[in-house]
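S.K.: coordinates only, no sequence provided:
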C-alpha cells in the first residue's frame with residue numbers, strides 16, 4: 001500500500017475481537033485496508049458499522065439430534081423431493097438433483113428407508 005506498516009495496538013485487537021463480523025473475512029480485510037490507508041502512517045482507527053461495545057459475539061443456538069430424528073429428517077426430505085419431482089429420481093428436475101445426490105445413492109436411501117414411491 002506504499003506506506004509504513006502501522007502498529008496494531010492491544011485496543012485495536014480488542015475492538016476487532018468484539019465486533020460480530022457479519023460480512024466475514026472479506027469485511028475484516030476491507031476494514032483493515034481502510035484503516036491503514038486513512039492512518040497515513042499514524043495510529044489505526046477502525047470504522048466499524050456499529051459500536052463494537054454493543055455487539056457481543058455469541059454462539060448460535062444448536063440442538064443435538066438423535067439418530068432417529070436424523071433418519072426421520074432424511075425420510076421427510078426425500079419424500080418432499082419425490083413429491084416435487086413427481087416421483088422422478090433420475091435426470092433434470094429429478095429428486096436426486098433437488099437433493100444434490102447421485103441418483104444411485106438416492107435409490108439406495110429410498111430402499112434402506114423403505115420409502116414407497118407413489
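M.R.: Arrived safely, thanks for sending. Predicted, not measured: the structure shown is a model, and the values here were computed from it.
S.K.: nearest the geometric middle of the protein, what residue?
M.R.: A centroid search over the chain (C-alpha atoms, centre = their mean) returns residue 24, at 9.7 Å, as the residue closest to the centre.
S.K.: from the chain's centre, how far out does stretch 107-116 sit?
M.R.: Relative to the centre of its chain, stretch 107-116 is centred 30 Å away, using C-alpha atoms, centre = their mean, to the nearest Å.
S.K.: pull the residues that contact that stretch.
M.R.: For stretch 107-116, the external contacting residues (C-beta atoms under 8 Å, 6 or more residues apart in numbering) are 71, 74, 75, 78, 79, 82, 89, 101, 117. Placement of C-beta: from N, CA and C, glycine included.
S.K.: flag every buried residue along it.
M.R.: By neighbour count with 16 or more other C-beta atoms under 10 Å, stretch 107-116 contains the buried residues 109, 110.
S.K.: so for that stretch, what's the average pLDDT?
M.R.: In this model, stretch 107-116 carries a mean pLDDT of 92.
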